Structure formats: structure tokens, C-alpha cells
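Asker: Fold the following.
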Amino acid sequence: MSRFGWSLALFAISGCVGVVGCGSGSGANSALEPLQLTHVAFEDVQGHPAPLEDYLTPEATPSELLVVRLVTPWCGPCQWQRANTESSITPTLRTRVHVLDVLLSNEDNGPPGPADIEAWSSASDGFATTVLDRDFALSELFPKRADLPYVALVDTKSLNVVYTLTNPSADDFTLAVDRAVARLDGAKAPTPPKPNLYDGRFSRDAWAMVQAMALPSEASRDPTNAYEAVPEAIALGKDLFFDADLSPSPKQVSCGACHLPELLFQDGKTQAPEGVGMGARNVPTVVLATEQRWQFWDGRADSAWAQAIMPIEDPNEMASSRLVVSHVLERKYKARYAAIFGALPAVSDQSRFPLAGKPGDPAWEAMTEVDRTTVNRIFANVGKAMAAYERSLRPASNAFDNYASGDTTALTEVQKDGLEAFLSAGCIQCHHGPRLTDDSFHNLRVPTGRPDRAADRGRYDGIAQLLKSDFRRSGAFSDAPTATADIPRDERLLGAFKTPGLRGASYTLPYGHGGSFGGLASTIDAHRTAGLAKESSYAIGTTERWLIEFAPELVPKIEVFLNVLTAEVPQ
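Answerer: Model (predicted):
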């Protein structure tokens, strides 16, 4: 990355300004002692230096204001502000205010690149310019463990910082910009307007994010699985999901052994003990799994159909192979398979198709490339049928969905307090949208679930496994192959794990990738206290800065809200 040096007169942060408070979710501060910051490096979409000096206008009359907004693509409030920047600036000031969005990561919380600038800009309202900051050069301006986005309001005549804010509400942002411009003009600060709160509680941006958390009535589509809505595929997938013949070991394990309908298709155990061996990670629910961008805790699969077949060959889960599955299909499901996918290729000739085998096994490696491709196609279709069944496991709407859809009586006042706590604690940063997840990866230094107690490397190793898979969305067995995306394997992803969705959370304990938290309160508190200490060998990597610190009294209130998020699946 190109680097350049520059000087910016900064100010130590202290004190609160008007209604723009210092607490989480609306921090703004006044300026005192000057500081110096040098060697800041932003990049534009071509990878060229993007110095803040480009915004220096010492002769401008009237003065102009630069809003430097530090954001990440996975952050819920960042996404809202991206789409509503212009409407959050007083119309008469729009020619005097410039907004610079500074991307601190990509959507998976890895290092950002030029493609991330394009993706962020294409979803914006067009008012901001976007650049990259791979090293968080402005970290000195902001407190640790505060919620995103971070905002610095800068006088373009001097590049002096006028105010800083952390995750301001739309109204607080507007007020801070108005006050900053008034300060530059030497004018009286505007009087804060009377808050206009939905249901007497939520600012317009908070309410918009609450509305976006309501569950749509229909599942989204996965173009890489052309059979996901085919009734015959759903029925076949259900039978395969519960068929222990797919596992030839004496223990005989089906997918349904670890994904129990009565436990929201999870098993309630710390790790996965119902398989052939002992697993290292907690079993997630498969309800709404087809909506996920990544599968497994480490994202080593990029579709639900790829995920569905991977446990079959895991020695600690079903200890089977794609050849075993192909022979079971021929013996038990030949006609049903043909009705969906076309005639099942003949695999009865054991000289060409041994009874068992997968990549790495001598029997598999001895097969011809054509025959291996035949078996891989059958195996992929088994995954597509099971993913079709999983997609059909649509949870019913709950009281929160009714509230988010406009029924203000759907929640009790105590439950609304919980929702407010969820927002004010910054949970919405990573838990947003209908499934209440950012589908990204974060290092909270949660204790390992490995039997040997060694730290789990998470997403860092998951990327390597994904790139070796025959069953990627971009591969030959996808029904709509996509371009292979660059997936940076960066040190910041060491020990990072996927953000779980929160629907049905009260059903799916224990929590964490290692199953180390036995209840919601302890899990929430682990987020508040930033997980295991750096010295602990049970986790690896560095706890990320974006893990928000909030008051302990919010923990029971957040727990109340999470218990509202039921996810009953009609049987």
C-alpha cells in the first residue's frame, strides 16, 4: 500500500455537546488540546493515495465541513447511514458538507480492497466518496470498544477536528453537523429539536433497522440450487436428512441425529457427541440456514447444499463417503432421484464404482476422472435435495415480527425495554436484518470446543478449506456458477467465527462455537467483557476492537428481548 505523511491538528476528546450524548449509540465530544497525527494512508478505488489534504480549502468562504465516517460493510448502523446520508444533512448545508466514507474492512471483516469500495458505493445514496483505510489510521480519535460508525467532523480550512461521534442517531448526526457549521461561522448553536420517536422510544434510523429485522414471509432464492423449491426434492431431502443408511459405521448416524426437530434442529449439547466421534464445535440449527451467506462456524462452505454433504464425509460425524451415498441412492431412491434430477447414473459396477471412497482414499483415486465426476454430481444433488428440505423449515412469525410490522401492542413494555437495550448496547452492529446476523466473522476469544483444548483457528483455516472444495458456488456443480471472488486470508481472521443468527436463540443453548456458555446471560456478558484474556491458550488471535463495551445492567434486559425471538417451525 502506498503511504504518505501529513500533519493534521487534532484535539483531545472530552465533554458532551447538547443532546448528542457521550453514551454508546450517540457519542459526540468537544475539542481541547491539539495533537498531531502523521502517516495516515487512505486509498482510492485505483489503489492510489487519497490524502485528506485534498479537502483542505483555507480560502473557502463560507467555511466547509468534511464528515469523515469510518465504517465497515457488515455493520448495521453503517449500512443505514450509507443509504441515508443526504437526508441526514440539513438541505441548506448540503453544498457546504462533504462526506468521506472510510472502509475499515470488507464484508467478512477481513482487509478491504478496491472491489469493496465499488460494492459500498453502489449501495449508497451517492452523497459520499469512499476510500479504504486498511490500518485504522484514525484510531487515536476514538475510544476503544465503541460502536460503529465512527464520525469526525473536520473544518476544511484547517483540517481541525470540530467534533467526534460514535454511532450517532440520524437526529444527533444532523444536530452535530448543524452545530459544527455554526461553530465555523461563529454563529449561535442551533437549539436541539424535540425528538420525534416512534412509539415514544426509537429514532427514525433505529426504527428503520427494527423494521428490517422482521422476517419476510418467503425464503430467499439460491440460484446455485435449481431444485430448492421443487416439492419432490423437498420430500426426498427430508428422507435423506433422517436416513442413517448414509452412514455405514456400526453407530449409523443421520443428519437428524444432531439436528433434532424438537430442539429447533439443534442437539442441545456442548459439541457434537451424537456422531461417530466427538466433534469440536457446537451444532448450529439448520433453520434459516439456506439464508446464510456462509455455512459452518468457519464459513468453509458457501451454500446450504455444499454444507449438507460435508458432514457425511467427516470422520467424527457420519464417517461415510460420496461413493457410499451413491450406492444408497441407487438401492433406495433411484426412481425418486430420476424424477427430480434425471436418470441416476448406473454405479452398480464395483470395478468402476467401489462401495466406499472419497478424495484421498486409494479406491477413489484409482477411479477415472469421468467416474469421479459422475459421483460428485450425485453427491451434489443429494446436498441440493437436503438444502431444499432445510429451506422449507420456515419459522412462524413471532411477537417481535408483529411489532416490527407496526403493531405497537405486540410487545410488553418490559420487552420493549429489552429491544431498546439491544439497540443501545450496540448489538445491532452485528445482529441485524431478518436473521439478526451480519453473516461476517469476528474474534471474541470464545473458549475452544476442541477435545484437546487447543485454540480453534476458525475462519483463517475455513478459507483454506473452502478454496479446496469441489462444491463451491463458483464450481462445476453449481446450477448458476458465479465468478470466483477473492477471499483474503488475513491474520485478523485468525480465531474469528461467524456471527450466529438470534432467532430461536433461547432454544439453541449452549452457545459459542465451543458450546462454552450455558445460558443467554453468560453469553451476553462475555460479549460485554470481551471474552477470554489474551494470555489464555483456549483462544487464539486478538479480540477485535469492534466488540462493544456496555453497562452490565443491560444484560438482563437484552435477555428478555432475545427470549421474544421465538422460531417455531410447523411440523
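
Asker: end-to-end on stretch 475-491?
Answerer: The first and last residues of stretch 475-491 sit 27 Å apart, counting by CA to CA, to the nearest Å.

Asker: The one helix or strand Gly383 maps to - contacts with which helices or strands?
Answerer: Using DSSP states H and E, Gly383 sits in helix 369-391. In terms of contacts (3 or more CB pairs under 8 Å, 6 or more residues apart in numbering; DSSP states H and E), helix 369-391 is packed against helix 231-241, helix 304-313, helix 322-332, helix 334-341. Heads up, the C-betas are built off the backbone N, CA and C, glycines and all.

Asker: Now do the closest residue to Ile540 other than its chain neighbours against Trp546, distance only.
Answerer: Among residues not flanking Ile540 along the chain, Ala455 sits closest, at 3.7 Å (CB to CB, 6 or more residues apart in numbering). Going from Ala455 to Trp546 by CB to CB, to the nearest Å gives 21 Å.

Asker: So between these two, which is more surrounded?
Answerer: Using other CB atoms under 10 Å, the more surrounded residue of Ala455 and Trp546 is Trp546, with 22 against 19.

Asker: how close does that one sit to Ser303?
Answerer: 27 Å.

Asker: would you list every one of the strands in this structure?
Answerer: For the chain, the strands defined by DSSP state E occupy 8-16, 27-37, 65-71, 97-103, 128-132, 150-155, 160-166, 441-442, 497-498.

Asker: Comparing these by mean pLDDT, which bottoms out?
Answerer: Sorting the strands of the chain by mean pLDDT places strand 8-16 lowest, at a mean of 33.

Asker: Compute the number of surrounding residues for Gly458.
Answerer: Per other CB under 10 Å, the neighbour tally for Gly458 reads 27.

Asker: can you pull the contacts of it?
Answerer: Gly458 makes contact with Trp297, Asp298, Phe441, Asn443, Leu493, Leu494, Gly495, Ala496, Phe497, His513, Ile540, Gly541 under the criterion CB atoms under 8 Å, 6 or more residues apart in numbering.

Asker: give me that answer again for 10 Å
Answerer: 281, 297-299, 441-443, 446, 448, 493-498, 513, 539-541 (CB atoms under 10 Å, 6 or more residues apart in numbering).

Asker: What residues are bridge-paired with it?
Answerer: Per DSSP bridges, the residues bridged to Gly458 are Ala496.

Asker: Low-confidence ranges, the chain, go.
Answerer: For the chain, applying pLDDT under 70 flags the ranges 1-41, 271-276.

Asker: so what are the domain limits for it?
Answerer: Following automatic domain parsing, one gets these domains for the chain: 8-195, 210-215+396-458+494-564, 231-391.

Asker: Distance to Ala476 added to those domains, as CSV?
Answerer: Formatted as CSV, these follow (distance: least, CB to CB, whole Å):
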stretch, distance to Ala476
domain 8-195, 24
domain 210-215+396-458+494-564, 25
domain 231-391, 8
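
Asker: So for Asn225, which of those domains sits nearest?
Answerer: Comparison of the domains of the chain against Asn225 by CB to CB identifies domain 231-391 as nearest, at 4.8 Å.

Asker: chain center to the closest one: distance?
Answerer: In terms of CA atoms, centre = their mean, to the nearest Å, the gap separating the centre of domain 231-391 from the centre of its chain is 26 Å.

Asker: Do me a favour and get the end-to-end distance for it?
Answerer: By CA to CA, one end of domain 231-391 lies 11 Å from the other end.

Asker: same deal with stretch 541-561?
Answerer: For stretch 541-561, the end-to-end distance is 31 Å (CA to CA).

Asker: Kindly report the same for stretch 471-491.
Answerer: So stretch 471-491: terminal residues 26 Å apart, CA to CA.

Asker: Check the helices and strands packed on helix 369-391 for me and report the most buried one.
Answerer: helix 304-313 (a mean of 25; mean count of other CB atoms under 10 Å).

Asker: Taking helix 231-241 as reference, get the angle to that one.
Answerer: Put simply, helix 304-313 runs at 20 degrees to helix 231-241, going by axes from the mean of the first three to the mean of the last three CA atoms, to 10 degrees.

Asker: and the angle from helix 304-313 to helix 369-391?
Answerer: If you take the same axes, to 10 degrees, helix 304-313 sits at 110 degrees to helix 369-391.

Asker: what's helix 304-313 packed up against?
Answerer: helix 231-241, helix 322-332, helix 369-391 (3 or more CB pairs under 10 Å, 6 or more residues apart in numbering; DSSP states H and E).

Asker: would you turn those helices into a markdown table with distance to Ser124?
Answerer: Shown next, in a markdown table, are the helices and strands packed on helix 304-313 (distance: least, CB to CB, whole Å):
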| stretch | distance to Ser124 |
| --- | --- |
| helix 231-241 | 38 |
| helix 322-332 | 44 |
| helix 369-391 | 31 |
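
Asker: what's the closest of these to Ala128?
Answerer: Smallest distance to Ala128 across the helices and strands packed on helix 304-313 (CB to CB): 36.4 Å, for helix 369-391.

Asker: picking up where we left off before, in this structure the residue nearest to Ile540 contacts Phe497, no?
Answerer: No - the pair Ala455 / Phe497 is not scored as a contact, 11.8 Å apart, by CB atoms under 10 Å.

Asker: what do those two both touch?
Answerer: Counting by CB under 10 Å, 6+ apart, the common neighbours of Ala455 and Phe497 are Gly514.

Asker: Distance check, the residue lying closest to Leu493 once chain neighbours are set aside against His513.
Answerer: Leaving aside its chain neighbours, Leu493 sits nearest to Arg459 (4.3 Å; criterion: CB to CB, 6+ apart). Shown here: Arg459 relative to His513, a distance of 10 Å by CB to CB.

Asker: Who has more neighbours out of those two?
Answerer: Ranked by neighbour count (other CB under 10 Å), Arg459 and His513 place Arg459 first, with 31 against 24.

Asker: Determine how far the last residue of stretch 64-78 lies from the first.
Answerer: Stretch 64-78: ends 23 Å apart by CA to CA.

Asker: rewinding a little: tell me which of the domains of the chain approaches Pro223 most closely.
Answerer: Across the domains of the chain, closest to Pro223 is domain 231-391 (CB to CB), at 10.1 Å.

Asker: Look up how far Leu436 lies from Glu291.
Answerer: Distance of Glu291 to Leu436, given as CB to CB: 11 Å.

Asker: likewise Leu263?
Answerer: Relative to Leu436, Leu263 is positioned 19 Å away (CB to CB).

Asker: go on, Leu70?
Answerer: With CB to CB as the criterion, Leu70 and Leu436 are 24 Å apart.

Asker: likewise Leu100?
Answerer: In terms of CB to CB, Leu100 sits 30 Å off from Leu436.

Asker: So which of the two has more stuff around it?
Answerer: Legend: neighbour count by other CB under 10 Å for Leu100 and Leu436, higher for Leu436 (23 against 20).
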